[in-house]
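*Asks:* fold the stuff below for me.
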Amino acid sequence: MTEFLTKIFGSKEHRDIKKLQPIVSEINSLESSMQPLSDDRLRAKTDEFKQRLKKGATLDDILPEAFAVVREAAIRTLGQRPFDVQLMGGIVLHQGKIAEMKTGEGKTLAATMPVYLNALLGRGVHIATVNNYLAKRDAEWMGKIYRFLGMSVGVTLSSHEMTREEKRLAYQADITYGIAQEFGFDYLWDNIMATRIEDKVQREFYYCIIDEVDSVLIDEARTPLIISGERTDTSDLYKTINRIIPRLKGADKSELEKRGIEREEYEERYDYIIDDKSSTRGTASLTESGVAKVEKLLGIGNLYDHTNIDFAHHVTQALTAHTLYKRDIDYVVQDGQVIIVDEFTG
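*Replies:* A predicted model of the protein is given here:
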């Protein structure tokens with residue numbers, strides 16, 4: 001029945017493309033009117049669009065002409081002409097949907113059109129990439145189009161690469177590139193560490209395009225963003241916990257299952273269990289008997305009572321470090337410091 005209806009009405013993908021086709025045709029029809037314009041007149045379109053928006057026009061109203069302007073700017077600055085499939089991808093991104101494009105279909109160029117369109121409102125547009133290299137590369141590469149059209153472009157990098165003032169300037173740009181995680185860290189800093197409004201670097205959020213959205217919002221979303229301030233010296237606690245972890249007995253969950261050992265049995269026999277299927281790196285968690293053993297070794301009551309939160313945190317982190325992290329694979333020691341290797345970006 002489903003196949004029969006699909007033959008009559010077409011698949012959802014075909015119906016979606018059919019809806020986009022009239023807009024693409026309108027953009028294509030404007031190409032001949034853009035080609036004769038001088039660089040200055042093409043650039044002046046940006047101010048013209050902003051004025052039309054102030055007078056009540058919507059972004060959808062000016063979308064065809066704005067996309068046509070970006071296409072012509074791309075030809076003049078990069079020597080690349082966005083194809084119809086890229087126009088469709090750009091429209092879908094403007095609509096707040098996910099655009100899946102194959103390798104080689106030019107998703108980076110496709111994104112320039114909705115980015116430019118939404119930046120016309122002056123509220124700031126963010127492009128979130130997966131690493132610093134792509135953020136800097138795309139800001140320079142695609143930035144040629146935006147700057148040609150009178151838009152400002154900024155890049156926000158990790159805190160050790162730029163000052164808070166440099167970050168603030170980057171966020172004031174019409175278009176800001178950065179790592180998805182860094183946008184998150186900057187948000188946390190503004191809302192936790194900043195004591196004055198003028199210390200904050202971000203402005204109100206409006207529109208964002210996320211590259212590799214499945215990786216950023218699914219895979220990397222498992223890793224929490226943590227920002228910390230000054231704390232009291234906990235070196236003695238580190239040393240204490242570090243001596244306790246090697247005294248615990250652990251086992252690999254998959255190996256136990258292969259041997260036919262039931263959960264109730266291994267929960268009693270082992271202090272912690274390693275589950276290498278629960279995430280890319282795996283997890284290590286205490287069993288009930290393991291919790292009891294840790295409590296005895298530390299000389300405390302309930303490990304997970306709010307008064308023992310520091311103990312619980314250090315035990316969890318130490319157990320993970322001892323069982324899952326391998327030197328020069330998951331972390332490196334550089335200049336006397338331990339640096340964690342990001343499992344997604346390296």
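*Asks:* show me where the stretch 101-250 of the chain has strands.
*Replies:* With DSSP state E, counting those that start in this stretch as the criterion, the stretch 101-250 of the chain has strands at 125-129, 153-156, 175-179, 207-210, 250-252.
*Asks:* how many neighbours does the closest residue to Gly178 other than its chain neighbours have?
*Replies:* Leaving aside its chain neighbours, Gly178 sits nearest to Thr156 (3.9 Å; criterion: CB to CB, 6 or more residues apart in numbering). Backbone N, C-alpha and C define where each C-beta goes, glycine included. Using other CB atoms under 10 Å, Thr156 has 28 neighbouring residues.
*Asks:* what pLDDT does Thr156 get?
*Replies:* We have a pLDDT of 93 for Thr156.
*Asks:* could you check how far it is from Ala73?
*Replies:* As for Thr156, its distance to Ala73 is 24 Å (criterion: CB to CB, to the nearest Å).
*Asks:* for Lys296, same thing?
*Replies:* 69 Å.
*Asks:* neighbour count: these two, which is higher?
*Replies:* Per other CB under 10 Å, whichever of Lys296 and Ala73 has more neighbours is Ala73, with 25 against 9.
*Asks:* show me the contacts for that one.
*Replies:* Contacts for Ala73 (CB atoms under 8 Å, 6 or more residues apart in numbering) come out as Leu42, Ile145, Phe148, Leu149.
*Asks:* now for the residues you listed: which two are most distant?
*Replies:* Leu42 and Ile145 (11.2 Å; CB to CB).
*Asks:* looking at those two, which is more packed in?
*Replies:* Ile145 (27 against 18).
*Asks:* wait, that one touches Tyr116, no?
*Replies:* Yes. When contacts are counted by CB atoms under 8 Å, Ile145 is listed as touching Tyr116 (7.4 Å).
*Asks:* common neighbours of these two, please.
*Replies:* Val70.
*Asks:* all helices of the stretch 101-250 of the chain, in order?
*Replies:* Using DSSP state H, counting those that start in this stretch, the helices found in the stretch 101-250 of the chain span residues 107-119, 132-141, 143-148, 164-172, 180-188, 213-214, 235-244.
*Asks:* and the ones you listed, which is most packed in?
*Replies:* Greatest average neighbour count among the helices of the stretch 101-250 of the chain goes to helix 107-119 (a mean of 24), per mean count of other CB atoms under 10 Å.
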